[in-house]
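Engineer: Fold the following.
(one chain, ligands or ions: 1)
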Amino acid sequence: MSKRKLHRISGELDARGKKFGIVVSRFNNFIGERLLASALEALTQLGANPSRDVTVVTVPGAFEIPQAASRMARSKKFDALITLGCVIRGETPHFEYVCAACSKGIEVAALESKTPIAFGVLTCNNLEEAIQRAGGKAGNKGRDAALAAVEMAGLTKKL
Ligand code: INI
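Structural biologist: Next up is the predicted model:
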């Protein structure tokens, strides 16, 4: 190992002075609202003031999340975005199409706009899995997405 010091860069978990946008889908609304509450709580804990620093946009379903997120990301009004929603597998292949369009669309929106976008959309086999990830045994993925957004907002400023 070389003795030279590595140049390492990372983002801090500090939301002060930053603006965040949240896109949350209404489909499976009671899960989405739990994800949203946890994301807002995390942003507040990290120093954001939701009424001043956070804009929450609601869309019909997960399929529409990238459409709103892409516009918000390109507006350059936000240091980072958080996407929240819940897709639950049904009897038809619909689930795969919604999940693929949602995840790929969010990725493309982030890469094209250069605005970080955190992925807090649950893709579950059943309702129980969703409940466990929205404040149950598996934590709350809304909180996890908010932490990722704050970290990436800080990191992006440094890169
Ligand atoms: N949208 C979701 O967010 N979650 C789902 O589980 C879901 N299912 O199961 O169908 C879902 N479908 C709606 C879709 O996202 C669009 O809103 C709809 O197709 C209109 O474009």
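Engineer: other SSEs contacting the longest helix seen in the chain?
Structural biologist: In the chain, taking DSSP state H as the definition, the longest helix is helix 94-113. If you count contacts as 3 or more Cβ pairs under 8 Å, 6 or more residues apart in numbering; DSSP states H and E, helix 94-113 packs onto helix 65-75, strand 80-88, strand 117-124. The C-beta positions use only the backbone N, C-alpha and C, and glycine is treated the same way.
Engineer: Number of residues surrounding K19?
Structural biologist: Neighbour count of K19, defined by other Cβ atoms under 10 Å: 16.
Engineer: List the contacts of the one residue in the chain that gets nearest to the ligand.
Structural biologist: Residue nearest to the ligand within the chain: G61 (2.2 Å; Cβ to the nearest ligand atom). G61 makes contact with 25-27, 85, 98, according to Cβ atoms under 8 Å, 6 or more residues apart in numbering.
Engineer: Contact partners for the residue nearest the centre of the chain?
Structural biologist: For the chain, I82 is the residue whose C-alpha lies nearest the centre (Cα atoms, centre = their mean; 2.8 Å). By Cβ under 8 Å, 6+ apart, the contact set of I82 is 20-23, 39, 117-118, 120, 142, 145-146, 149.
Engineer: any chance of these in a markdown table, with pLDDT and neighbour count too?
Structural biologist: As requested, those are exported to a markdown table (pLDDT from 0 to 100; neighbours: other Cβ atoms under 10 Å):
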| residue | pLDDT | neighbour count |
| --- | --- | --- |
| F20 | 98 | 24 |
| G21 | 98 | 24 |
| I22 | 99 | 29 |
| V23 | 99 | 30 |
| A39 | 98 | 30 |
| I117 | 98 | 30 |
| A118 | 98 | 27 |
| G120 | 98 | 31 |
| G142 | 98 | 30 |
| A145 | 98 | 25 |
| A146 | 98 | 33 |
| A149 | 98 | 31 |
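Engineer: List the ones among the residues you listed that fall in strands.
Structural biologist: Those of the contacts of I82 mapping onto strands are 20-23, 117-118, 120, per DSSP state E.
Engineer: Residues of this protein that sit close to the ligand?
Structural biologist: Within the chain, the residues that sit near the ligand (Cβ under 6 Å from any ligand atom) are 25, 27-28, 60-64, 85-88, 90, 94, 98.
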